[in-house]
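Asks: Sequence and predicted model, in that order:
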Amino acid sequence: MQDHYMAREPKFLWILLFIVTLPYANLLESNFRYIAFALLFVYAAAMMIQYELFFEEEEIRMEFKLLKYRLFEKRAHAKEIDLIQFIDLGRRNVIFVKKKDGKQMRLHRFKPENFVGRTRMFAEAHELKKEEISTKK
(Lines give C-alpha, C1' and ligand atoms only; values in the text may rest on other atoms or scores of the structure.)
Protein backbone atom coordinates (compact mmCIF):
# COMPACT_ATOMS: atom_id res chain seq x y z
CA MET A 1 0.00 0.00 0.00
CA GLN A 2 1.29 3.44 -0.88
CA ASP A 3 2.39 5.59 2.03
CA HIS A 4 2.91 8.91 0.23
CA TYR A 5 0.07 11.07 -1.12
CA MET A 6 -0.02 14.53 -2.66
CA ALA A 7 -2.55 17.35 -2.98
CA ARG A 8 -2.48 20.83 -4.45
CA GLU A 9 -4.41 23.95 -3.66
CA PRO A 10 -7.34 24.36 -6.10
CA LYS A 11 -6.45 27.19 -8.44
CA PHE A 12 -9.84 28.45 -9.63
CA LEU A 13 -10.62 30.63 -6.61
CA TRP A 14 -7.09 32.05 -6.41
CA ILE A 15 -7.07 32.92 -10.12
CA LEU A 16 -10.46 34.60 -9.75
CA LEU A 17 -9.23 36.67 -6.79
CA PHE A 18 -6.06 37.56 -8.73
CA ILE A 19 -8.11 38.78 -11.71
CA VAL A 20 -10.44 40.83 -9.50
CA THR A 21 -7.58 42.42 -7.53
CA LEU A 22 -5.38 43.29 -10.52
CA PRO A 23 -7.46 46.28 -11.73
CA TYR A 24 -7.66 47.68 -8.21
CA ALA A 25 -3.89 47.49 -7.86
CA ASN A 26 -3.49 49.55 -11.02
CA LEU A 27 -6.31 52.06 -10.42
CA LEU A 28 -5.82 52.96 -6.77
CA GLU A 29 -3.70 56.05 -6.12
CA SER A 30 -3.24 55.79 -2.36
CA ASN A 31 -1.41 53.48 0.02
CA PHE A 32 -4.09 50.87 -0.62
CA ARG A 33 -2.38 50.25 -3.96
CA TYR A 34 0.52 48.57 -2.17
CA ILE A 35 -1.89 46.38 -0.22
CA ALA A 36 -3.48 45.25 -3.49
CA PHE A 37 -0.06 44.37 -4.93
CA ALA A 38 0.77 42.46 -1.74
CA LEU A 39 -2.49 40.54 -2.11
CA LEU A 40 -1.54 39.66 -5.68
CA PHE A 41 1.69 38.19 -4.38
CA VAL A 42 -0.18 36.21 -1.70
CA TYR A 43 -2.62 34.85 -4.29
CA ALA A 44 0.20 33.80 -6.60
CA ALA A 45 2.00 32.07 -3.72
CA ALA A 46 -1.21 30.31 -2.61
CA MET A 47 -1.57 28.77 -6.07
CA MET A 48 1.82 27.10 -5.62
CA ILE A 49 1.13 25.46 -2.25
CA GLN A 50 1.43 21.70 -2.22
CA TYR A 51 0.54 19.22 0.53
CA GLU A 52 2.20 15.86 1.10
CA LEU A 53 0.80 13.16 3.34
CA PHE A 54 2.98 10.38 4.76
CA PHE A 55 1.95 7.30 6.70
CA GLU A 56 4.78 5.95 8.78
CA GLU A 57 4.85 3.06 11.24
CA GLU A 58 3.67 5.05 14.25
CA GLU A 59 2.57 8.44 12.90
CA ILE A 60 0.76 10.41 10.24
CA ARG A 61 2.70 13.40 8.89
CA MET A 62 1.51 16.18 6.59
CA GLU A 63 3.95 18.64 5.02
CA PHE A 64 3.05 22.03 3.56
CA LYS A 65 5.35 23.09 0.73
CA LEU A 66 5.78 26.19 -1.39
CA LEU A 67 7.88 25.66 -4.52
CA LYS A 68 9.32 22.40 -3.12
CA TYR A 69 10.43 24.15 0.10
CA ARG A 70 8.83 22.87 3.27
CA LEU A 71 7.02 25.65 5.12
CA PHE A 72 5.91 23.52 8.07
CA GLU A 73 4.53 20.15 8.96
CA LYS A 74 1.90 18.59 11.18
CA ARG A 75 2.46 15.28 12.92
CA ALA A 76 0.10 12.97 14.74
CA HIS A 77 1.68 10.06 16.60
CA ALA A 78 -0.61 7.06 17.09
CA LYS A 79 -0.54 7.50 20.88
CA GLU A 80 -1.62 11.17 20.54
CA ILE A 81 -4.68 10.46 18.36
CA ASP A 82 -8.03 10.51 20.15
CA LEU A 83 -10.41 10.02 17.22
CA ILE A 84 -10.40 9.71 13.44
CA GLN A 85 -13.56 10.94 11.70
CA PHE A 86 -14.33 9.72 8.19
CA ILE A 87 -16.81 12.02 6.44
CA ASP A 88 -18.28 10.77 3.17
CA LEU A 89 -19.52 13.68 1.03
CA GLY A 90 -20.64 11.56 -1.91
CA ARG A 91 -17.83 11.88 -4.44
CA ARG A 92 -15.29 13.23 -1.94
CA ASN A 93 -14.06 12.20 1.46
CA VAL A 94 -12.74 14.34 4.29
CA ILE A 95 -10.88 12.88 7.25
CA PHE A 96 -10.33 14.65 10.55
CA VAL A 97 -7.56 13.29 12.75
CA LYS A 98 -8.29 14.66 16.22
CA LYS A 99 -5.48 14.62 18.75
CA LYS A 100 -5.81 14.40 22.52
CA ASP A 101 -4.44 17.93 22.97
CA GLY A 102 -7.37 19.37 20.97
CA LYS A 103 -5.51 19.94 17.69
CA GLN A 104 -6.66 18.30 14.49
CA MET A 105 -5.50 17.52 10.97
CA ARG A 106 -7.87 17.72 8.01
CA LEU A 107 -7.06 15.30 5.20
CA HIS A 108 -8.77 15.80 1.84
CA ARG A 109 -8.03 16.16 -1.90
CA PHE A 110 -5.06 13.79 -1.74
CA LYS A 111 -4.17 11.71 -4.77
CA PRO A 112 -4.40 8.80 -5.33
CA GLU A 113 -7.86 8.42 -3.85
CA ASN A 114 -6.98 5.35 -1.75
CA PHE A 115 -5.63 7.57 1.06
CA VAL A 116 -8.97 6.97 2.83
CA GLY A 117 -8.36 3.21 2.88
CA ARG A 118 -4.79 3.76 4.05
CA THR A 119 -6.05 5.95 6.91
CA ARG A 120 -8.51 3.21 7.90
CA MET A 121 -5.69 0.67 7.88
CA PHE A 122 -3.61 2.93 10.12
CA ALA A 123 -6.54 3.34 12.54
CA GLU A 124 -7.18 -0.41 12.68
CA ALA A 125 -3.49 -1.27 13.10
CA HIS A 126 -3.25 1.03 16.13
CA GLU A 127 -6.78 0.29 17.44
CA LEU A 128 -7.83 3.94 17.26
CA LYS A 129 -11.39 5.13 17.79
CA LYS A 130 -13.16 5.78 14.45
CA GLU A 131 -16.35 7.62 13.59
CA GLU A 132 -18.11 7.30 10.23
CA ILE A 133 -20.26 10.22 9.05
CA SER A 134 -22.14 10.08 5.75
CA THR A 135 -24.15 12.75 3.96
CA LYS A 136 -25.89 10.10 1.86
CA LYS A 137 -29.47 9.30 2.78
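Replies: Perfect, thanks for sending it. Numbering: from 1, shown residues only.

Asks: Strands along this structure, start to end?
Replies: 4-8, 49-55, 59-66, 69-77, 81-88, 93-99, 104-107, 130-134 (DSSP state E).

Asks: Report the helix or strand with the lowest average pLDDT across this protein.
Replies: Sorted by mean pLDDT, DSSP states H and E, the helices and strands of the chain end with helix 11-27, the least confident at a mean of 75.

Asks: quick one: contacts for the residue in the chain sticking out farthest from the centre?
Replies: Most distant from the centre of the chain: E29, at 37.1 Å, with distances by CA atoms, centre = their mean. Counting by CB atoms under 8 Å, 6 or more residues apart in numbering, E29 makes contact with nothing. C-beta here means a position set from N, CA and C on the backbone, and glycine is covered the same way.

Asks: Check T21 too.
Replies: Counting by CB under 8 Å, 6+ apart, T21 has contacts A36, L39, L40, Y43.

Asks: Filter the residues you listed down to the ones in helices?
Replies: In helices, defined here by DSSP state H, the members of the contacts of T21 are A36, L39, L40, Y43.

Asks: Just give the nearest non-adjacent residue to the second one, would you?
Replies: Okay, so that is L39. The shortest distance from L39 to any non-neighbouring residue, by CB to CB, 6 or more residues apart in numbering, is to T21 (5.3 Å).

Asks: next one: stretch 109-120 to chain centre, how far?
Replies: 13 Å (CA atoms, centre = their mean, to the nearest Å).

Asks: likewise stretch 65-75?
Replies: Put simply, stretch 65-75 sits 11 Å off its chain's centre (CA atoms, centre = their mean).

Asks: Next: stretch 43-60.
Replies: 7 Å.

Asks: Stretch 73-81 too?
Replies: Chain-centre distance of stretch 73-81: 15 Å, with CA atoms, centre = their mean.

Asks: what sits against R120?
Replies: R120 neighbours (CB under 8 Å, 6+ apart): F86, K130.

Asks: ok, back up a step: and the least confident helix or strand of the chain, which residues are buried?
Replies: For helix 11-27, the neighbour count (16 or more other CB atoms under 10 Å) marks W14, L17, F18, T21, A25 as buried.
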